[in-house]
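**Student:** coords please:
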Amino acid sequence: MDDGCSERALLVAKMHGLCKNMNQTFEATLQMSGTKVELLYRISCAHEQNQQALQQALNLDAAAITRHLRKLEEDGLLIREKRAPDRRATFIRLTALGETRLTELIAQKETFQRQLLDGLSKQELAGFADILERMSANITR
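**Tutor:** I've put the predicted structure just below:
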């Protein structure tokens with residue numbers, strides 16, 4: 001019987017810890033969750049986005065997308081509006097402040113990524129990317 005201390009169990013525990021630490025550090029550095037940064041980025045790329053399309057693209061439930069967008073709107077980073085004839089659909093676009101903040105966030109994100117991957121060769125990164133792909137495939141099969 002496995003006591004939870006096998007090499008595999010320890011490796012998975014290390015990966016879990018790294019993911020948790022990476023996410024916490026990322027959010028502390030940017031002062032925003034990765035999900036909110038991704039929302040701003042996707043809205044910016046499309047110049048305007050339908051809330052339901054964003055929800056599906058990011059695989060979020062209706063309550064989560066509404067909560068994230070409401071907070072970003074309260075912070076003055078985006079505008080949500082309903083339009084005739086179908087007032088059920090909500091369209092989102094960034095404000096000027098949102099565009100400025102996104103530019104800052106992208107620069108901070110790139111700095112964070114460089115620091116995270118510092119010291120890894122192109123070959124190591126390619127091998128790591130391959131391992132991540134294979135692990136993802138293992139989860140989805």
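**Student:** may I have the strands that pair with the least confident helix or strand in the chain by mean pLDDT, each with its orientation?
**Tutor:** Ranked by mean pLDDT, DSSP states H and E, the weakest helix or strand in the chain is strand 49-50, scoring a mean of 90. Taking DSSP bridges as the criterion, strand 49-50 pairs within the sheet with strand 90-94 (antiparallel).
**Student:** ok, and what's touching the host helix or strand of K109?
**Tutor:** Element membership for K109 (DSSP states H and E) is helix 96-116. For helix 96-116, contacts defined as CB atoms under 8 Å, 6 or more residues apart in numbering pick out 22, 25-26, 29-30, 32, 37, 40-41, 43-44, 72, 76-78, 94. C-beta here means a position set from N, CA and C on the backbone, and glycine is covered the same way.
**Student:** in strands, which of those appear?
**Tutor:** The strands, defined by DSSP state E, take in 78, 94 from the contacts of helix 96-116.
**Student:** which of the contacts of helix 96-116 sits closest to G127?
**Tutor:** M22 (18.8 Å; CB to CB).
**Student:** for F26, see how far away S33 is.
**Tutor:** 9 Å (CB to CB, to the nearest Å).
**Student:** longest helix in this structure, by residue count?
**Tutor:** Criterion DSSP state H: the longest helix present in the chain is helix 7-30.
**Student:** tell me what that helix is packed against?
**Tutor:** helix 34-46, helix 96-116 (3 or more CB pairs under 8 Å, 6 or more residues apart in numbering; DSSP states H and E).
**Student:** contacts for it, please.
**Tutor:** So helix 7-30 is contacted by 2, 33-34, 37, 105, 108-109, 112, 116 (CB under 8 Å, 6+ apart).
**Student:** L78 against Y41, yeah?
**Tutor:** No: counting by CB atoms under 8 Å, L78 stays clear of Y41, with 11.8 Å between them.
**Student:** who's more crowded, those two?
**Tutor:** Here L78 and Y41 are compared on neighbour count by other CB atoms under 10 Å; more neighbours surround L78, at 25 against 15.
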